[in-house]
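Enquirer: no letters, just coordinates:
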């Protein structure tokens, strides 16, 4: 899986193949993803491997909220992760076909998180191989200022919380999650970002 706004070091795919064939339990592996314009920095879309908190908010090695870290070798260790970035990852075709690919309901955000969560439900692991390096332009599908992007992020994260957890766990985390999103809604209103506030309400509906 590879976005069309990426460029790659010459041996990038060799490293991914070497890791995935070394362990039959690895479903997917992603490269280190750096920013195309600021090549000493990680890219927002995946960094050096993705994780997720219990409320289904994703984060990645190499970024703190919206701030990108400079790559100084701090995440050069191959390791198990929760999700591989849809910007670029290698996955086993038989697993991809078994899961019927990406859930198209999610459209353009978090479909790779959903896919890799389901891989782990089947008992497989997801890894990052930082020896493999690509550079990503970023935000070409939807700019960060897009209210539609806000809508998809809130909606799709809720879909993951409500569909991939057991029902009891979904119920446990749902109301604290909605409370935190209510605070985000108030923030958008205070900053007069009406389209983004409406996007959050639409995502809830």
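Expert: Received it, and whenever you're ready, just let me know what you need. Since the structure is predicted, the reported quantities are computational estimates derived from the model, not experimental observations.

Enquirer: residues touching the helix or strand bottoming out on mean pLDDT in the chain, excluding its own?
Expert: For the chain, using mean pLDDT, DSSP states H and E, the weakest element among its helices and strands is strand 63-64, scoring a mean of 90. Residues outside strand 63-64 that contact it (C-beta atoms under 8 Å, 6 or more residues apart in numbering): 42, 44, 47, 69. Yep, even glycine has a C-beta here, placed from its N, CA and C like the rest.

Enquirer: let me see the backbone angles for the closest residue to the last one other than its chain neighbours.
Expert: Yep, that's residue 69 we're talking about. Using C-beta to C-beta, 6 or more residues apart in numbering and skipping the chain neighbours, the partner closest in space to residue 69 is residue 62 (5.0 Å). Backbone torsions of residue 62, given as degrees, to the nearest 10, read phi 110, psi 0.

Enquirer: now do the same contact list for residue 62.
Expert: Contacts of residue 62 were listed using C-beta under 8 Å, 6+ apart, and they are 33, 42, 43, 47, 48, 68, 69, 71, 75.

Enquirer: and of those residues, the nearest to residue 172?
Expert: Using C-beta to C-beta, the shortest approach to residue 172 within the contacts of residue 62 belongs to residue 47, at 29.0 Å.

Enquirer: the closest one contacts residue 30, doesn't it?
Expert: No - applying C-beta atoms under 8 Å as the test, residue 47 and residue 30 come out as separate, 9.5 Å apart.

Enquirer: what touches both of the two?
Expert: Common neighbours of residue 47 and residue 30, using C-beta under 8 Å, 6+ apart, are residue 85.

Enquirer: which one of these two has more residues nearby?
Expert: Legend: neighbour count by other C-beta atoms under 10 Å for residue 47 and residue 30, higher for residue 30 (32 against 27).

Enquirer: about what we covered before: beyond the least confident helix or strand of the chain, next helix or strand please.
Expert: Helices and strands here follow DSSP states H and E; after strand 63-64, the next one along the chain is strand 67-68.

Enquirer: tell me which residues are up against that next one.
Expert: For strand 67-68, the surrounding residues in contact (C-beta under 8 Å, 6+ apart) are 35, 38, 41, 42, 43, 44, 47, 62.

Enquirer: columns pLDDT on top of those, output as CSV?
Expert: Output for the contacts of strand 67-68, formatted as CSV (pLDDT from 0 to 100):
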residue, pLDDT
35, 96
38, 95
41, 97
42, 97
43, 96
44, 92
47, 96
62, 97
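
Enquirer: could you list the buried residues of the longest strand that the chain contains?
Expert: Ranked by residue count, the top strand of the chain under DSSP state E comes out as strand 125-136. Of the residues in strand 125-136, those scored as buried under the neighbour-count criterion (16 or more other C-beta atoms under 10 Å) are 126, 127, 128, 129, 130, 131, 132, 133, 134, 135, 136.

Enquirer: same list (the residues you listed) but as a markdown table, adding pLDDT and distance to residue 12.
Expert: Formatted as a markdown table, the entries for the buried residues of strand 125-136 read as follows, by pLDDT from 0 to 100; distance: C-beta to C-beta, whole Å:
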| residue | pLDDT | distance to residue 12 |
| --- | --- | --- |
| 126 | 98 | 18 |
| 127 | 98 | 15 |
| 128 | 98 | 13 |
| 129 | 98 | 9 |
| 130 | 98 | 11 |
| 131 | 97 | 9 |
| 132 | 98 | 4 |
| 133 | 98 | 6 |
| 134 | 98 | 6 |
| 135 | 98 | 10 |
| 136 | 96 | 12 |
